[in-house]
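J.: What would the 3D arrangement of this be:
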Amino acid sequence: MPRLTLHPDRLFPADPTTRAIARELYADIADLPIVSPHGHTDPAWFAGNEAWSNATELLLAPDHYLFRMLYSQGVALDALAVPRRGGVLPDTDPREAWRTFASHWHLFAGTPSSMWLNHVFAHVFGIEITLDAGTADHYYDLIGEALKTPQFRPRALFERFNIELLATTEGADDDLAHHKAIRASGWRGNVVTTYRPDSVIDPEHEEFASALKRFGELSGEDVLSWKGYLAAHRRRRADFRAMGATATDHGFLTPRTANLSTAECEALFGKVVSGQSDAGEAELFRAQMLTEMARMSLEDGMTMQIHPGSCRNHNAQLYASHGRDKGADIPQATEYVEALRPMLDLFGNEPDLTVILFTLDETTYSRELAPLAGHYPALRLGPSWWFHDSPEGMRRFREMTTETAGFHNTVGFNDDTRAFLSIPARHDVARRIDCGFLARLVAEHRMEDWQAAELARELTVGLVRKAYGLKAPQPEMVGA
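T.: This is a model prediction of the structure:
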């Protein structure tokens, strides 16, 4: 059987001289703690600390990177035990689902998913043979047995992975019960939340009406008036900060912002909450609310993240049967310069505000995003994200942004994942790519080796702590 091996020089430059520099840089930062400031892992895992049942439940069914590829080759999501709309599980044997996945593992050759999962298989579970149809049961059984042990409970893996901070993402209408339970348990793992108010800001969100009702109940404010609605956001943001949140997150199709008068806001909001707004007015409301969120971030210090450019749920049939986040989100061209102007006119020159811009449109890196972040004190560039959180995507990001924005107008790495066990793998890939990029600058005599070493540490932990307002743990607390 083919052996599963991870080459120690994977992702480093092929040129021997540059590779040697990359090795040295990587050796200095490889074991630094993981800071994961934005992701979508389930806080219930850490609140209850219950064992996962099997490999399918843990690794396959939650990971749209995996099942979107399989779906593209004609494999039905039901055959992969992916929950249907409302969390309803199909009548699929999880072992059979894993066998189906294993028999299609060849589809992932050369993809980030194969690199991440092989890292999980080899380093987390100690598996030494490659996955295929013939080894599917071996994998399933070995992983299943491991998951029964205390060492593979969520909190134990969190500590084993050397995670300094892990941020989940909850909606504005979430009661944060799991985060409260984590804190009440006395466990010292630093799991925090992130404020994602999309469902109560986007009038076209299918849950807008019910989410708004819950939003009002949780905040105690009159969310049907413009003044009360804004007060509800401030109150809920405070609730999230009490659960450790240092950031907000906004995932609309465009990063359009607006600067309407109070009277215009009140009139527009009246249409929105009465269900009478059209598509243009819904877009204008989202635009105004991005500006309002920036205003509130300047008030309370929360870092603002804008994740635009994804046409959500493009596959209408799949959306009807399985709901959101099932691999049918498609990148679109995104314009930033004029879209952000109203917000930047108000707050772009504020050094106490941090707005992190992400993109799925790589063509904007050198033309728009790097020049914007290279000028406005409030702006920072988020790392390569979704579809581009890959070795080549990360290289392109550095190549297209560094000359204009430098390194310090970026924010390190952000794994943005639901796949908890892949977090160390994703961070390892980012560290290796950054070390390779820095090594080339040293080899070309464009940077001194000591500068590259300092930057490697900044790109790994320094910049992310700064961007998200995090304090480095005190030496006596490390390992506590």
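J.: For Arg214, grab the count of nearby residues.
T.: Arg214 has 19 neighbouring residues, counting by other C-beta atoms under 10 Å. For the C-beta atoms, the positions are set from N, CA and C on the backbone; glycine is no exception.
J.: what does the one 4 residues further on give?
T.: The number of residues packed around Leu218, counting by other C-beta under 10 Å, is 18.
J.: right, and the helix or strand after whatever helix or strand it lives in?
T.: Secondary structure from DSSP states H and E places Leu218 in helix 208-219. Counting by DSSP H and E, the next helix or strand C-terminal to helix 208-219 is helix 226-242.
J.: can you pull the contacts of Glu299?
T.: Going by C-beta atoms under 8 Å, 6 or more residues apart in numbering, Glu299 touches Arg234.
J.: Okay, and it sits in which element?
T.: Taking DSSP H and E as the criterion, Glu299 maps to helix 279-300.
J.: List the buried residues for that helix?
T.: Within helix 279-300, the residues that qualify as buried are 282-294, 296-298, counting by 16 or more other C-beta atoms under 10 Å.
J.: can you check stretch 192-205 too?
T.: Judged by neighbour count (16+ other C-beta under 10 Å), stretch 192-205 contains these buried residues: 192-203, 205.
J.: farthest pair in these?
T.: Val192 and Pro203 (29.0 Å; C-beta to C-beta).
J.: Backbone torsions only: list them for the residue sitting nearest the centre point of the chain.
T.: Centrality entry for the chain: nearest residue to the mean C-alpha point is Asp416, 1.5 Å, by C-alpha atoms, centre = their mean. Note on Asp416: its backbone torsions stand at phi 50, psi 50 [degrees, to the nearest 10].
J.: distance of it from Pro16?
T.: In this structure, Asp416 and Pro16 are separated by 34 Å, where distance is defined by C-beta to C-beta, to the nearest Å.
J.: Can I get stretch 356-373 in PDB? Just the C-alpha atoms.
T.: Taking C-alpha atoms only, stretch 356-373 is exported to PDB below (Å, rounded to 0.1, in the frame of the first residue of the first chain):
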ATOM      1  CA  ILE A 356     -10.300  44.400   7.500                       C
ATOM      2  CA  LEU A 357     -11.200  43.900   3.900                       C
ATOM      3  CA  PHE A 358     -11.400  40.500   2.400                       C
ATOM      4  CA  THR A 359     -12.000  39.600  -1.300                       C
ATOM      5  CA  LEU A 360     -12.900  36.700  -3.500                       C
ATOM      6  CA  ASP A 361     -11.900  38.800  -6.500                       C
ATOM      7  CA  GLU A 362      -8.100  38.600  -6.800                       C
ATOM      8  CA  THR A 363      -8.000  41.200  -9.600                       C
ATOM      9  CA  THR A 364      -8.600  43.900  -7.000                       C
ATOM     10  CA  TYR A 365      -5.500  43.100  -5.000                       C
ATOM     11  CA  SER A 366      -3.000  45.400  -6.700                       C
ATOM     12  CA  ARG A 367      -5.500  47.700  -8.400                       C
ATOM     13  CA  GLU A 368      -7.800  48.600  -5.400                       C
ATOM     14  CA  LEU A 369      -7.200  46.800  -2.100                       C
ATOM     15  CA  ALA A 370      -3.500  47.300  -1.700                       C
ATOM     16  CA  PRO A 371      -3.600  51.000  -2.600                       C
ATOM     17  CA  LEU A 372      -6.600  51.600  -0.300                       C
ATOM     18  CA  ALA A 373      -5.000  49.800   2.700                       C
END
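J.: Shouldn't Gln305 be within a strand?
T.: Yes. Assignment of Gln305 by DSSP: H, G, I helix; E, B strand; the rest coil places it within a strand.
J.: quick one: low-confidence ranges for the stretch 351-480 of the chain?
T.: Along the stretch 351-480 of the chain, the parts satisfying pLDDT under 70 run over 475-480.
J.: Could I get the full set of helices for it?
T.: Assigned helices in the stretch 351-480 of the chain, in chain order: 364, 370-373, 391-405, 423-443, 449-457, 463-467 (criterion: DSSP state H, counting those that start in this stretch).
J.: got those helices as CSV, with distance to His7 and mean neighbour count columns?
T.: Formatted as CSV, the entries for those read as follows, by distance: least, C-beta to C-beta, whole Å; neighbours: other C-beta atoms under 10 Å:
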stretch, distance to His7, mean neighbour count
helix 364, 34, 21
helix 370-373, 33, 22
helix 391-405, 14, 18
helix 423-443, 11, 23
helix 449-457, 20, 17
helix 463-467, 27, 21
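J.: And these: which comes nearest Ser53?
T.: Proximity of these to Ser53 was assessed by C-beta to C-beta; the nearest stretch is helix 423-443, lying at 20.2 Å.
J.: what's the angle from that closest one to helix 391-405?
T.: Orientation note: helix 423-443 sits at an angle of 50 degrees relative to helix 391-405 (axes from the mean of the first three to the mean of the last three C-alpha atoms, to 10 degrees).
J.: Centre of the chain to helix 423-443, how far?
T.: Averaging C-alpha coordinates over helix 423-443 and over its chain gives two centres that are 19 Å apart (C-alpha atoms, centre = their mean, to the nearest Å).
J.: who does that helix touch, helix- and strand-wise?
T.: Packing partners of helix 423-443 (3 or more C-beta pairs under 8 Å, 6 or more residues apart in numbering; DSSP states H and E): helix 16-29, strand 34-36, helix 112-119, helix 391-405, helix 449-457.
J.: Which one of the ones you listed lies nearest to Leu360?
T.: Taking C-beta to C-beta as the criterion, Leu360 comes closest to helix 391-405 out of these, the separation being 10.3 Å.
J.: what's the closest one in contact with?
T.: Helix 391-405 has contacts (C-beta under 8 Å, 6+ apart) with 11, 112, 115, 362, 365-366, 369-371, 373-374, 381, 383-384, 387-388, 410, 429-430, 433-434, 436-437.
J.: what does stretch 55-67 give?
T.: In contact with stretch 55-67 (C-beta under 8 Å, 6+ apart) are residues 52, 75, 77, 80-83, 94-95, 97-98, 101, 108, 112-113, 117, 120, 139-140, 143-144, 147, 325-327, 418-419, 421-422.
J.: re earlier: now render the helices and strands packed on helix 423-443 as a markdown table, adding distance to Asp173.
T.: What follows is the helices and strands packed on helix 423-443, written out as a markdown table (distance: least, C-beta to C-beta, whole Å):
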| stretch | distance to Asp173 |
| --- | --- |
| helix 16-29 | 39 |
| strand 34-36 | 24 |
| helix 112-119 | 32 |
| helix 391-405 | 33 |
| helix 449-457 | 39 |
